[in-house]
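Enquirer: I need the structure of the sequence given here:
(2 chains)
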Amino acid sequence: MKAYITFTKKEFKEMVSTYRLWIMIAVFLLLGLINPVTAKITPELLKNFQMEGVEIIIAEPGPMDSWMQFFRNIPQMGLVVLVILFSGIVSNEFVQGTLVNMVTKGLSRKTIILSKFTMTVVVWTGSYLICYGVSYSYTEYFWGNSKIDNLNFSVFCLWAFGVILIASLILGGVLFRKSYGSLLFTAGFAAILFTLGIVPKLSKYNPILLASKNMSLLQHHMQVQDFISSIMVTGVGTVLFVVAAVLLFNKKEL
Amino acid sequence: MNILCNEQVSKRFGSHQVLDSVTFSIPEGSVFGFLGQNGAGKTTMMKLILGLLKPDKGTIRVCDETVTYGQTKTNRHIGYLPDVPEYYGYMKPKEYLKMCGEITGMSREEIIKRSQELLGLVGLEQADKKIGGFSRGMKQRLGIAQALLNEPKLLICDEPTSALDPIGRKEILDILGQIKGKTTVLFSTHILSDVERICDRIAVLHDGKLALCGTLAEMKENHKKDSIQIEFNTIEEVEKFMNSKFMMEYLDSSQKKENSIVLHGKDINTMERAAICTLESEMLLPKKLEVLEPTLESLFMEVTR
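Expert: Numbers count the residues shown, from 1 in each chain, chains lettered A, B, ... in the order given. Predicted coordinates for the structure are as follows:
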C-alpha cells in the first residue's frame, strides 16, 4: 500500500512537471466557458449577418443549447485532448527505461499500472468537474438549470466513457510500448465502438452510447434505464482492460 | 555461503544463443568481475538474475531463494546499477532516493539517514538540482547511491565505468572499493584494468559459455607461461640474437615485435641463462630484459580468441 501511495504521488509530480495537469485544467476550463457563451452569443452573431430581404428566424437561446454545446465539445475536443496527452503514460517509461530502477527495487508491476490508472482518472475527473462546474454556473446565471432533468446522470455517463478510454490507453501502452501504439489502440477501440453503433441490437450495450446520446436523455427521447446496460458493459470493460494490462505487463521484458 | 548461484542458465533471443548452460556462484563478501566482449551476454545474465528476463533453462538463486521472472521478490536482497541508469529528470537526488526508500519499505528516519550517508559517499551532497541536468558521471554516482540505499546483500553493477572519463572512472572504482567487504559485488566490464584493481574473483563469458571462472590469483597461476621480453636498440640486433645457436630451441615459440622479442619456454631459469649466454657470446647489450608476469589481458585474449 505504501509503495502504491508513493508511486501515485510520483505520477502526480510527473503530471505537474510535464505540464499535463495544467494543460488539462486549462483546456477544460476553456471548454467550460465556451459552452454557455457560444449558446448565448450565436444568435447575436447571426443577427449581424442578416442580409436585406432575408429573414432568419432564430429561437431564443436557452439552457438546453448550453448543454448541447457541452455534450458536443467534451467528446469532440476534451476526450481527444485527454487521449493525446496521456498516450505516453506507460510507453514513455518503457522508452526511457525509468522503470528498471523501480522494479529492481521491488515495486510490483501491478502497483505501477494501478497507480497510473488512478492518477489519470483523478486528473480526468478533476478537469471534467471544473468544466462542468463552470458550464453549470454560467448556464445558471444566463438562464437557470431548473428545467433540465437527468443532467447529473448524463454528465456521469460521459465521465464513465472517459474512464474506459483511459483504461484502453494503458492497455495499449503495455501492448505496444510506443506512445503512438497506445494512441492507435485507443483510436481503434473507439472506431470499433462507432462501427458497432450501426447494429441496432447491440446499441444499448455499446459504451459509445454514454458519449453520444446524452442530449437524448436531457430531451426525454431516452430514459435513464436505457443507459444501464451500456454503463455495465463500460464498467466491466474498464476492469477487464486494467486486469489485462497488469497480466500482460507481468510478462513484459524490461 | 554463496550469495548467488546460477545453474545451467540458458537464454536465446531468436536464433542467437546468448547464454548456454552458464553455471557459477558468488561467495559472500567477494567482488566478482564479470568479463566478456561487447555482446557476450553480460547484461542478459544480470537481467536474468534480476528477474527482468525469463531464462529458457536453468535456475538462479539469490540468498537461497529462487528468482522468478516477473515477480521480483528476490530483488529485496539486490541493489542494481544499470549500464545507463535512467531517472525521472524532474526529481532532485534526495527526492528520488526518498521515493526508492519508500518503495522498498524503509522508515522515514532510515531514508533520511541513509540518503545523507550515501550522497556523501558518492559525492553528491551538494548537488541539489534536478537530475535532468546531471552529467553521465553524476547519474552513475547517483545510481550507486540508489542501489545501496536498502543495504543490499548483493550489488550488481552493469559496466559502471565504461562510458566515463578517467576521473569519473576512478571515482566509481574508489566508491566500489569502499564498500568492499560490506557488500558482495557483481561487476561487469570489459575494462581489464578495472577488474585488476578491485576484483578478487572473475568469470569470463565468451560465446555464451563461461570460458574462465575463479579467483584472480588462481587463474594467473593456472595460466602461467614463462616468458622473457628482451628489448634491443635496432632490428639487426634482434636478428643477430635470434640467429645464435643458443636460441635454436626457442625460435618457434618466440614473438618478434619491432626492436624487441618475447621468448616463451617451460623453465624460466634455463631460458634466462640461455638468453644471457647469447647476449654475452654475440656481444649484444640489450636496452631491457624483463621476466613477464601473466596479465589479465593475456588471459582474456587467450580465452576469447
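
Enquirer: where does the chain have low pLDDT?
Expert: Chain wasn't specified; assuming chain A. In the predicted model of chain A, residues A:50-52, A:56 satisfy pLDDT under 70.

Enquirer: wait, I meant chain B there
Expert: B:225.

Enquirer: Which helix or which strand is home to residue 253?
Expert: No chain in the question, so chain A it is. Using DSSP states H and E, A:Glu253 falls within no helix or strand.

Enquirer: For the closest residue to it other than its chain neighbours, grab the count of nearby residues.
Expert: Among residues not flanking A:Glu253 along the chain, B:Leu53 sits closest, at 5.3 Å (C-beta to C-beta, 6 or more residues apart in numbering or on different chains). (Glycine included, C-beta is placed from N, CA and C.) Applying other C-beta atoms under 10 Å in any protein chain shown, we find 19 residues neighbouring B:Leu53.

Enquirer: what do you get for B:Gln229?
Expert: 16.

Enquirer: go on, B:Lys266?
Expert: By the criterion of other C-beta under 10 Å, B:Lys266 has 9 neighbours.

Enquirer: try B:Ser10
Expert: B:Ser10 - counted by other C-beta under 10 Å - has 16 other residues nearby.

Enquirer: you'd agree it is up against B:Gln17?
Expert: Yes: between B:Ser10 and B:Gln17 a contact is recorded at 7.3 Å, counting by C-beta atoms under 8 Å.

Enquirer: Identify the residues contacting residue 148.
Expert: Just going to use chain A. A:63-64, A:67, A:218 (C-beta atoms under 8 Å, 6 or more residues apart in numbering or on different chains).

Enquirer: right idea, wrong chain: chain B
Expert: By C-beta under 8 Å, 6+ apart, B:Leu148 lies in contact with B:79, B:118, B:121, B:155, B:179, B:183.

Enquirer: Tell me which helix or strand the nearest residue to the second one once chain neighbours are set aside sits in.
Expert: In space, not counting the residues next to it along the chain, B:Leu118 is nearest to B:Ala145; the distance is 4.0 Å by C-beta to C-beta, 6+ apart. Assignment of secondary structure by DSSP H and E places B:Ala145 within helix B:136-148.

Enquirer: tell me which strands and helices the very next helix or strand once past that helix is in contact with?
Expert: Moving toward the C-terminus from helix B:136-148, the next helix or strand (DSSP H and E) is strand B:154-158. Applying 3 or more C-beta pairs under 8 Å, 6 or more residues apart in numbering or on different chains; DSSP states H and E, one finds that strand B:154-158 makes contact with helix B:42-49, strand B:78-81, helix B:136-148, strand B:184-189.

Enquirer: rewinding a little: next, the contact list for the residue nearest to A:Glu253, please.
Expert: By C-beta under 8 Å, 6+ apart, the neighbours of B:Leu53 are A:253, B:11, B:44, B:47, B:69.

Enquirer: ok, the nearest residue to A:Phe189 once chain neighbours are set aside to B:Thr72 distance?
Expert: Once flanking residues are discounted, A:Phe189 sits nearest to A:Ser168: 4.7 Å by C-beta to C-beta, 6+ apart. Counting by C-beta to C-beta, to the nearest Å, the gap from A:Ser168 to B:Thr72 is 27 Å.

Enquirer: got the residues of chain B near chain A?
Expert: B:47, B:50, B:52-54, B:70-73, B:75-76, B:78, B:80, B:82, B:84-88, B:90-91, B:99-100, B:102-105, B:146, B:150 (C-beta under 8 Å from any C-beta of the partner chain).

Enquirer: Just the buried subset of those, please.
Expert: Neighbour-count burial (16 or more other C-beta atoms under 10 Å in any protein chain shown) is assigned, among the residues of chain B next to chain A, to B:47, B:50, B:52-53, B:70, B:72, B:75-76, B:78, B:80, B:82, B:85-88, B:90-91, B:99-100, B:102-104, B:146, B:150.

Enquirer: Nearest residue to B:Leu142 in space, please, no chain neighbours.
Expert: B:Pro93 (5.5 Å).

Enquirer: and the one you found, how many residues sit next to it?
Expert: B:Pro93 has 26 nearby residues by other C-beta under 10 Å.

Enquirer: cool, A:Leu196 as well?
Expert: 14.

Enquirer: sorry, back to before: so which of the helices and strands packed on strand B:154-158 has the densest surroundings on average?
Expert: strand B:78-81 (a mean of 27; mean count of other C-beta atoms under 10 Å in any protein chain shown).

Enquirer: Could you check the angle the helix or strand following that one makes with helix B:136-148?
Expert: Next along the chain after strand B:78-81, taking DSSP H and E as the criterion, comes helix B:93-103. Helix B:93-103 runs at 30 degrees relative to helix B:136-148, counting by axes from the mean of the first three to the mean of the last three C-alpha atoms, to 10 degrees.

Enquirer: contacting residues around helix B:93-103?
Expert: The contact list for helix B:93-103, computed with C-beta under 8 Å, 6+ apart, reads A:2-3, A:6-7, A:9-10, A:101-102, A:105-107, B:87-88, B:91, B:110-111, B:114-115, B:118-119, B:124, B:127-128, B:131, B:142, B:145-146, B:149-150.

Enquirer: among those, which are in helices?
Expert: If you go by DSSP state H, the contacts of helix B:93-103 have A:2-3, A:6-7, A:9-10, A:101-102, B:110-111, B:114-115, B:118-119, B:142, B:145-146 in helices.
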